[in-house]
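Student: give me the fold of what follows.
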Amino acid sequence: MTDVLMPRLSDTMEEGVLSAWRKHEGDPVHRGDVLAEIETDKAAMELEAYDEGVLIRLLVGEGTTVPIGTPIAVIDPAGGTPPATAEATAETTVEPTAETTVDVPPAAPPPESPPPPAQAAGAGGEALRASPLARRIAREHGLD
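Tutor: Numbers count the residues shown, from 1 in each chain. Just a heads-up that it's a prediction; the model follows:
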């Protein structure tokens with residue numbers, strides 16, 4: 001099994017936001033395939049696979065802030081499924097309750113489409129540019 005780690009995309013980067021997964025569990029992965037989109041405080045970048053195999057587990061959800069060097073996914077070079085370990089079973093098992101009759105994890109919400117880029121004109125008539133961090137803060141506060 002090969003862990004996919006949150007990469008250091010710049011010299012000043014300490015953490016990144018995993019904004020979207022491009023590959024999903026069970027998908028075949030080849031070197032150079034785009035696995036995910038990562039936002040830093042300065043830019044949005046694509047994370048490419050360094051190994052080949054099958055993406056067997058996503059460890060981090062979309063929109064999560066992750067420190068560099070933290071495992072975010074697992075690729076099996078043999079293309080199989082992960083062996084059931086006590087730790088993996090404890091993480092994925094959902095305890096049944098009176099309301100729950102099926103032991104199925106909840107489905108992830110559909111990914112939100114990113115807002116359209118800012119089209120407002122600046123002082124000189126050119127389009128305004130904003131970093132991913134500025135766009136996220138504006139989106140959180142309901143601003144264009």
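Student: partners of the strand or helix carrying Ala73 in the sheet?
Tutor: Taking DSSP states H and E as the definition, Ala73 sits inside strand 71-76. Strand 71-76 pairs in its sheet with strand 2-5 (antiparallel), strand 53-58 (antiparallel), by DSSP bridges.
Student: CA atoms of the last one as CSV?
Tutor: C-alpha atoms of strand 53-58 as CSV (Å, rounded to 0.1, in the frame of the first residue of the first chain):
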residue,chain,number,x,y,z
GLY,A,53,-2.4,1.0,-8.9
VAL,A,54,-6.0,1.4,-7.6
LEU,A,55,-7.1,4.2,-5.3
ILE,A,56,-8.5,2.1,-2.5
ARG,A,57,-9.2,4.7,0.2
LEU,A,58,-9.7,8.5,0.5
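Student: which is the next helix or strand following it?
Tutor: strand 64-67.
Student: what are the contacting residues of that following strand?
Tutor: Met6, Glu14, Glu15, Gly16, Val17, Leu18, Val60, Ile72 (Cβ atoms under 8 Å, 6 or more residues apart in numbering). Every residue, glycine included, has its C-beta placed from N, CA and C.
Student: I am finished for the moment; much appreciated.
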